[in-house]
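1. Sequence and predicted structure are below.
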Amino acid sequence: MAFLRARQVILLLSLTAVMALSSCMTYTYEDALQEIPAERSLLEEELPSTRKVVSDGEPEKMAPEIAEPEIAETPAIGGIERTITTIDVALVPLPCGGPEDLLDRIVDEVNSSSYDIVGFTGEEESLSYVANRLSMRVHWTEQGLFIATELSVDLSATPFIQVETEMGRTVHVALVDIQESTVFDQLVVTPDQHDWQKIILESHEKRSEQVNYLLDYRGQDPLLVFASLGEPASTDWFETADGHHYRSRVAWPMVEDFSSKRFLDSWSMTHYSALASPGHTWTLVTPEVTYEERVDFLLSLGLLPVKTMVIPMGPWETSRFPYEYRSAITGTFVLP
């Protein structure tokens, strides 16, 4: 308690001292008037003008008006104006053993189309029948396949067909047909799916020899491959294995080999998923089950796919089982 009383006494003395000092510092307005003279501290003269007078007496601003900046046109890179070049193409896998009336309908469809390049795969007899009836110029490969196009073609770029677009761009074209594979047939009669991967890989060793020259391509020009591979892409089976009546998660290596060399699978690049957009190009209907697969591809290196579609062809006979029908795949590509 004594300690608290001592603190109160000290606080009271401090407040008294502050009040005394404050009363000594009182300074009134009348005191200021007596000490500070009531005169202007600035000179009476006007400040110099920032404007000059011209001959007619009219004032003019000293600072010139700011001119609008001149915007120069940006020159094209390398002094060359580049325009976007696109090509529309189609791969038509002719049906195995297709009758003439179906082939005639295919010919009519191609003749009335506006595709820049159409590639054909299939049996020799069907290929010859179609080639002789097309209105477009036909160019054969050493493998017995052909493209139809009205663009300028150079066949000296063996084993490729060199095509020049209307904008003067060069594209190398190749066709692959390895549909004679019996891999899928072997899987159908092999009940144990654990053996499927071994069957696929054993067959791939021989089949890959037919595409190695494409995988080794080192040219400067873009390369477009019309490929009837006779097998699906691994992504198609992996994405749809759950709930599918015959698919399982096994690796189909052919498309994977192309992808490892930076080729683009145009269908998978332009569609959301294999489940939503399967893109089937081969269908086999039996009394027990229907098989549907995407086995035909437009593979590109140095071309960007922006749109792809499948167009069914057939079937031409449904009264007997089994029967099959095929679909063409079309694509629009940009040459960067």
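-> Here it is on my side, so go on.
2. Please enumerate the helices of the protein.
-> In the chain, the segments counted as helices under DSSP state H are 2-24, 29-35, 100-111, 124-131, 183-188, 196-207, 212-215, 234-240, 253-260, 266-270.
3. Okay, and the beta partners of residue 284?
-> According to DSSP bridges, the partner residues bridging residue 284 are residue 291, residue 324.
4. What's the local residue count around it?
-> 16 (other Cβ atoms under 10 Å). (Each C-beta comes from the backbone N, C-alpha and C, glycine too.)
5. hang on, the earlier thing: least confident of the helices of the chain, on average?
-> Across these, helix 2-24 has the smallest mean pLDDT, namely a mean of 39.
6. shouldn't residue 93 be in contact with residue 121?
-> Yes. Contact criterion Cβ atoms under 8 Å: residue 93 and residue 121 qualify, at 4.9 Å.
7. which residues are in contact with both of those two?
-> 179, 228, 296 (Cβ atoms under 8 Å, 6 or more residues apart in numbering).
8. I'd like those written out as CSV, with pLDDT and neighbour count added.
-> Shown next, in CSV, are the shared contacts of residue 93 and residue 121 (pLDDT from 0 to 100; neighbours: other Cβ atoms under 10 Å):
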residue, pLDDT, neighbour count
179, 91, 17
228, 97, 25
296, 98, 27
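9. if we take those, which one ends up nearest to residue 192?
-> The closest of the shared contacts of residue 93 and residue 121 to residue 192 turns out to be residue 179 (Cβ to Cβ; 25.8 Å).
10. doesn't residue 95 make contact with the closest one?
-> No. Residue 179 is beyond contact range of residue 95, at 11.0 Å (criterion: Cβ under 8 Å).
11. Which neighbours do the two have in common?
-> What both residue 179 and residue 95 touch, as defined by Cβ under 8 Å, 6+ apart, is the set residue 122.
12. how close does residue 245 get to residue 290?
-> 9 Å (Cβ to Cβ, to the nearest Å).
13. ok, and what's touching stretch 286-293?
-> 184, 188, 232, 236, 245-246, 278, 280-284, 321-322.
14. one step back: show me which of residue 245 and residue 290 is the more surrounded one.
-> Set residue 245 next to residue 290 and count neighbours by other Cβ under 10 Å: residue 290 wins out with 11 against 7.
15. Let me see the confidence value for that one.
-> Looking at residue 290, its pLDDT reads 89.
16. what comes up buried for stretch 139-152?
-> 139, 141, 145, 146, 147, 148, 149 (16 or more other Cβ atoms under 10 Å).
17. oh sorry, the question was meant for stretch 186-198
-> Residues of stretch 186-198 classed as buried: 187, 196 (neighbour count, 16+ other Cβ under 10 Å).
18. so who does the closest residue in space to residue 151 that isn't next to it in sequence touch?
-> Counting by Cβ to Cβ, 6 or more residues apart in numbering, residue 163 is the residue found nearest to residue 151 once chain neighbours are left out, at 5.2 Å. Residue 163 sits next to 117, 147, 149, 151, 152, 153, 154, 170, 171, 172, 173 when contact means Cβ under 8 Å, 6+ apart.
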